[in-house]
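A.B. asks: Test case, fold it:
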Amino acid sequence: MANGDRRVRGLAARAGGWSARHRWAAVGIWVLFVVLAMGLGSAAGRVDVKDSDQLSGETHTAAAIIEDAGIDEPAGETVLIQAKDGSLKATDAGFRSAVTAVVRAVEATGEVTDVTSPYDTGTISEDGRSALVQFDMRGESDTAGERVEPVLKAVENVQKDHEALRIEEIGGASMMKTFDDAFGDDFRKAEYSAVPVALGILLIAFGALVAALLPVALAITAIMATMGLMGVVSHVMPMSDTANSVMLLVGLAVGVDYCLFYLRREREERAAGRDAQTALQIAAATSGRAIVVSGVTVCVAMAGMLFTGLAEFEAMGLASLMVVAVAMVGSVTVLPALLSLLGERVEKGRIPFLRRRNKAHGGGSAESRFWTAVLKRVLARPVVSVVVAAGALLAIAAPAVGMKTQNLTLDQEFGDSLPIVQTYNRVNDAFPGGSEPAEVVVKADDINAPEVKGALADFKERAISSGASRGPVEIKLHDEQNVAFVYVPLVGGSDQDTAGASLEKLRDEVRPATLGKVDGVEAPITGQVAGSHDFNEQLVGSVVPVFVFVVVFAFLLMLLSFRSLTVAVTSIVLNLLSVGAAYGILVAVFQHGWGASLVGAEGVGAIVTWLPLFLFVILFGLSMDYHVFVVSRIREARLRGRTTADAIQHGVVTTAGVVTSAAVIMVAVFAIFGTLSMQSMKQMGVGLAAAVLIDATIIRGVLLPAVMALLGERNWYFPKWLNRLPDLTHDEPPPPAAVAAPAARDDEGEYEPVGV
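C.D. replies: The predicted structure follows:
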């Protein structure tokens with residue numbers, strides 16, 4: 001039946017067959033879809049997540065009050081004036097002249113407003129060696145970084161005239177500019193270098209330029225279409241730049257992977273002597289089906305982010321879900337059409353050395369020598385293999401038990417790589433919490449009512465007397481909107497634990513005793529520390545529903561796709577083990593600092609708050625790529641009459657090349673993000689790269705075959721009472737010859753014949 005007519009059923013097979021028969025129509029529809037999606041997205045524009053939608057709790061309430069009042073908080077800036085050797089005090093004439101010079105210099109730029117002297121506001125440190133000149137940038141805060149350059153230059157000029165003092169600027173606008181200058185190009189280079197890296201690896205994998213370009217082209221067009229769709233969808237669910245970056249990352253990974261799986265199977269069938277039509281039919285019915293199962297599973301995992309209640313996570317989840325769905329559809333429709341159009345031309349642009357290598361190591365159905373040797377030992381001693389591999393992964397995962405999460409402070413995020421970080425540390429040392437104070441947003445029917453003013457004064461006094469702050473506490477009134485902002489530097493500064501305790505005092509003790517006693521007054525407390533606290537609280541509350549949703553639906557999809565209770569259970573367990581190992585590596589490297597220098601990182605003492613849940617969802621989805629592909633090949637071999645042990649070996653070693661290529665691409669792309677200077681990006685890149693590497697080697701190459709070898713025929717266990725569930729296993733082509741499938745204990749309903 002090598003070149004005979006195969007009648008195949010199933011969505012992927014039918015889609016591939018139709019596309020191969022209507023090649024130009026399939027390609028035209030895909031191009032039209034991409035163009036229309038981009039056009040509609042451009043016309044609609046993108047609506048981004050608002051601050052008030054980011055969180056629930058007090059942070060959300062505070063942002064909502066500010067938005068409803070129509071107050072556009074300006075970007076605040078601070079100039080630290082500090083004696084370098086302690087010889088000058090704020091009361092000395094030289095110090096005073098420097099303060100006056102700073103005030104005049106920043107006012108002269110015309111870019112600032114509300115400039116305050118430390119002698120008026122009391123922003124002088126306890127030792128008298130440091131003082132703060134504070135002001136706001138004119139215009140919108142979002143674009144203040146673009147206008148702060150003249151102000152920074154003015155402060156630098158004052159510094160030149162006062163060498164005995166340290167005069168440095170820090171604030172929202174200056175930090176925005178510094179980060180854009182230092183890391184904007186960094187991010188762009190990372191995103192731009194991902195495509196050439198993927199293309200280079202595909203060239204090695206296929207040894208031909210055209211074959212290597214196809215996966216990249218599919219991934220890029222899927223990303224372009226999704227970017228357009230994001231603009232349309234954002235009018236219902238707002239998007240964000242972060243969601244866009246995650247979409248690019250996921251889209252490149254799955255787009256290349258899906259095309260890689262399909263293309264390698266088609267080449268393998270042609271190398272085995274089948275004609276082009278039959279090879280495409282088999283690829284559609286096998287790899288095409290695996291792509292659909294994997295894609296749906298990844299979409300389900302990404303949908304788990306929608307249960308967090310966090311707008312940023314919901315945007316990331318929806319954007320990732322869309323790009324996976326688009327890449328999946330493209331892989332089973334336009335890809336077979338392109339392969340049918342290209343025919344033998346898919347081998348154009350061959351690289352001689354790589355061509356010889358691929359012929360010897362996997363151009364057709366050749367099996368990987370390395371994985372053949374590994375599998376021989378694994379299958380010979382499956383118990384030892386399971387104990388050693390599982391034990392190693394559990395040991396790697398062990399540090400995750402003590403995981404500590406928090407939003408990283410400026411010094412944690414960037415270390416000492418930027419001068420502004422040193423300024424941040426000096427401000428916090430002299431004025432604990434002064435660089436990122438808690439902000440109390442007070443709303444009243446009449447903000448100038450005597451009882452409200454009295455409560456504000458009491459709050460200011462008690463915030464200091466309670467030990468939550470050392471001051472100075474600043475109050476800004478917005479009379480027209482009946483809103484007041486109270487800025488409270490928290491004791492603890494950049495120490496999140498101590499600052500968190502200070503925040504609790506404000507919320508649980510100071511506020512109820514003062515502002516809480518006035519009827520009609522709202523006083524939610526926000527700020528960096530409060531935001532981190534509220535984010536953690538909400539994230540912890542969403543872990544269980546997200547975990548249950550992803551695991552339960554992934555289990556059901558595996559159960560329906562393979563008609564095996566055993567395969568569904570082992571899939572979940574192995575994926576959880578892979579995620580656990582990734583957590584352990586993150587904690588060991590970034591929290592404890594073990595080997596941190598090897599990845600150019602620093603032990604910051606914590607994992608960024610959003611990463612664990614993000615990694616769980618992303619990794620659980622992406623891990624299914626390999627798992628579905630390998631298990632599908634094992635099941636296919638079993639359907640063709642091989643014994644379970646032989647099917648395991650055949651399935652693993654024949655997929656080793658494509659799984660290795662796909663994993664190397666993912667690891668390389670994720671590792672690029674691990675080279676960025678921001679610790680949160682390093683954590684994401686290292687976590688994703690390590691997890692994919694573990695998944696493609698220890699999990700799929702050792703643990704999966706060893707567990708399946710131990711289970712034997714029990715791998716295909718499917719109770720009779722589950723027979724009424726939908727059957728999604730019918731895409732495989734029939735075996736070349738009728739082979740009696742073994743049945744065991746059918747009277748008890750424990751096993752079914754494998755081919756039924």
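
A.B. asks: Got the phi and psi for residue 488?
C.D. replies: Dihedral angles phi and psi of residue 488 (degrees, to the nearest 10) take the values phi -120, psi 110.

A.B. asks: give me the number of residues near residue 309?
C.D. replies: Residue 309 has 15 neighbours, counted by other C-beta atoms under 10 Å. Just so you know, the C-beta spots here come from the backbone N, C-alpha and C atoms, and that holds for glycine as well.

A.B. asks: A helix includes it, no?
C.D. replies: No: when the secondary structure is assigned by DSSP: H, G, I helix; E, B strand; the rest coil, residue 309 falls in coil instead of a helix.

A.B. asks: So it is in contact with residue 542, correct?
C.D. replies: Yes: shown here, residue 309 and residue 542 form a contact pair, counting by C-beta atoms under 8 Å, at 5.9 Å.

A.B. asks: Where does residue 441 sit: helix, strand or coil?
C.D. replies: Secondary structure assignment for residue 441 (three-state DSSP): strand.

A.B. asks: What sits closest to it if chain neighbours are left out?
C.D. replies: Leaving aside its sequence neighbours, residue 441 sits nearest to residue 62 (C-beta to C-beta, 6 or more residues apart in numbering; 4.2 Å).

A.B. asks: Please identify which helix or strand holds that neighbour.
C.D. replies: Per DSSP states H and E: residue 62 is located in helix 57-69.

A.B. asks: Would you mind identifying the next helix or strand past that helix?
C.D. replies: Scanning forward in sequence from helix 57-69, with DSSP H and E defining helices and strands, the next element found is strand 76-83.

A.B. asks: and the angle for the helix or strand hosting residue 426 with strand 76-83?
C.D. replies: Secondary-structure assignment from DSSP H and E places residue 426 in helix 419-430. For helix 419-430 against strand 76-83, the angle between stretch directions is 70 degrees (axes from the mean of the first three to the mean of the last three C-alpha atoms, to 10 degrees).

A.B. asks: Okay, buried residues for helix 419-430 please.
C.D. replies: Along helix 419-430, the positions that meet the burial threshold by neighbour count (16 or more other C-beta atoms under 10 Å) are 420, 421, 423, 424, 425, 426, 427, 428, 430.

A.B. asks: Give me the residue ranges of this protein where confidence is low.
C.D. replies: 1-10, 51-56, 182-191, 352-368, 416-417, 434-435, 493-494, 602-603, 727-756 (pLDDT under 70).

A.B. asks: if I look at the residue with the largest distance to the centre of it, how far off is residue 162?
C.D. replies: In the chain, counting by C-alpha atoms, centre = their mean, residue 93 sits farthest out from the average C-alpha position, at 53.2 Å. Summarising the geometry, the distance separating residue 93 from residue 162, computed by C-beta to C-beta, to the nearest Å, is 12 Å.

A.B. asks: likewise residue 537?
C.D. replies: With the distance defined as C-beta to C-beta, residue 537 ends up 45 Å from residue 162.

A.B. asks: Have a look at those two and say which one is more surrounded.
C.D. replies: Each of residue 537 and residue 162 has its neighbours counted (other C-beta under 10 Å); residue 162 has more, 19 against 15.

A.B. asks: And for that one, nearest residue in space, chain neighbours not counted?
C.D. replies: Looking at residue 162 with C-beta to C-beta, 6+ apart, the closest residue is residue 98, at 4.6 Å.

A.B. asks: Kindly state the beta-bridge partners for residue 477.
C.D. replies: On DSSP bridges, the residues paired with residue 477 through beta bridges are residue 484.

A.B. asks: Contact partners for it?
C.D. replies: With C-beta atoms under 8 Å, 6 or more residues apart in numbering as the criterion, the residues that contact residue 477 are 447, 448, 484.
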